[in-house]
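Asks: Mind looking at a prediction? Sequence and model below.
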Amino acid sequence: MNKPHSVSANPVLPLAAAALAASALFNRVASARAERRYPPVGRVVDVDGVAVHVLERGSGDPVVLLHGSGSLIQDFMTSGLVDRLAASRRVIVFDRPGYGYTERPRGSAWTPERQAALLVAACARIGVERPIVLGHSWGTLVALAWALDHPGDVAKLVLGSGYFFPTLRADALPTAIAGMPVVGDLIAHTIAPLQTRLTGPAGNRMIFSPADPTKNFLNDMPFGLMLRPQQLRVTAADSGQMPAAAARLAKRHRALTLPVTILWGEGDKLVNQADQSARLLRELPQASGMEIAGGGHMIHHVRPDIVADAVLAPGRRASS
């Protein structure tokens, strides 16, 4: 008579555990190697006990650049936008909380409102007053929160390839799970970096499509930093909260009275911009904007000249 196999006799479980341990070790070593290869490009300042990584270039009236989900300061450097703007402005680029070399303490949700509050305090810390604030992709939510919660601290908003109204998203549940404590940490330290290494090239083609990824982006972006477990977990957490954050901020759009410029790329494969940027442009009477032909999602890489001109152009305020 055959005896039932015990759980401990099942070879799959120890093999799976060994595989997870090996992947966690590989990811830890890869993260350390990436940090040696790509040290901070700016300076790290203490803001209310949180380390914030900031890059500054140029002089003149200030412009703050806020990157999207999964990215970091170098996104704007490799696009050429920093150099273009620094020719006539003081350019300030932050790693948002949890990305690059900016900390993201645990304990409460890092909503766009909370991220904006930290970066407003960071600007005060380094002597920046009433900047133009440009947000790209997820960064547009932080830019909006900045203007809504701190209206006296923004001269103008520039919103690129943004997400402003809640939608049903197929990735909402998986990303929410991946961003959770414990479970999300396990995924981020084992499976996620390896999966992203495999899917990354296809993902880069998608976010640039219908354009091609630029050579500067492919050659100079610090992908190793972006693949660190802690950043992948933060990326998942931000992606999971995006619809709720957009719904919350959308109720307040009409409170905006400052100049707003809205830019988006034709053929954006990541966000349906007809339902997002074009809709917001119709909603805000003081806003100006345009669709960039063939721009896709990464408009600051594909047409940095148009984005820079939009930042520097004077805007109109809403009538009282």
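Replies: Nice, thanks for sending it over.
Asks: where does the chain dip in pLDDT?
Replies: Applying pLDDT under 70 to the chain picks out residues 1-10, 16-27, 169-194, 197, 316-320.
Asks: Of all residues in it, which one is nearest the centre?
Replies: With distances taken as CA atoms, centre = their mean, G68 lies nearest the centre of the chain, 2.0 Å away.
Asks: could you pull out the strands for the stretch 51-200 of the chain?
Replies: 62-66, 90-94, 132-136, 156-160 (DSSP state E, counting those that start in this stretch).
Asks: what's the angle from the first one to strand 156-160?
Replies: Just to be clear, that refers to strand 62-66. For strand 62-66 against strand 156-160, the angle by axes from the mean of the first three to the mean of the last three CA atoms, to 10 degrees is 30 degrees.
Asks: Pull out the C-alpha coordinates of strand 62-66 and format them as CSV.
Replies: The C-alpha coordinates for strand 62-66 follow below in CSV (Å, rounded to 0.1, in the frame of the first residue of the first chain):
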residue,chain,number,x,y,z
PRO,A,62,13.6,78.4,-11.4
VAL,A,63,12.1,75.4,-13.2
VAL,A,64,11.4,72.2,-11.3
LEU,A,65,11.2,68.9,-13.2
LEU,A,66,9.3,65.9,-11.8
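Asks: got the angle between it and strand 132-136?
Replies: Computed by the same axes, to 10 degrees, the angle separating strand 62-66 from strand 132-136 equals 20 degrees.
Asks: hmm, who's touching strand 62-66?
Replies: Contacts to strand 62-66, defined as CB atoms under 8 Å, 6 or more residues apart in numbering, come from residues 76, 81-82, 85, 89-94, 96, 119, 123, 128-136, 139-140, 142-143, 311. (Glycine included, C-beta is placed from N, CA and C.)
Asks: What residues does the closest residue to V41 other than its chain neighbours make contact with?
Replies: Nearest residue to V41, sequence neighbours excluded (CB to CB, 6 or more residues apart in numbering): L55, at 5.5 Å. Counting by CB under 8 Å, 6+ apart, L55 makes contact with V41, G42, I73, M77, V82, V91, I92, V93, F94.
Asks: cool, R104 as well?
Replies: The contact partners of R104, taken as CB under 8 Å, 6+ apart, are P97, G98, W110, V234.
Asks: Check the burial of the nearest residue to R37 once chain neighbours are set aside by counting its neighbours.
Replies: Nearest non-adjacent residue to R37, counting by CB to CB, 6+ apart: G224, 6.3 Å away. A total of 18 residues lie near G224 under the criterion other CB atoms under 10 Å.
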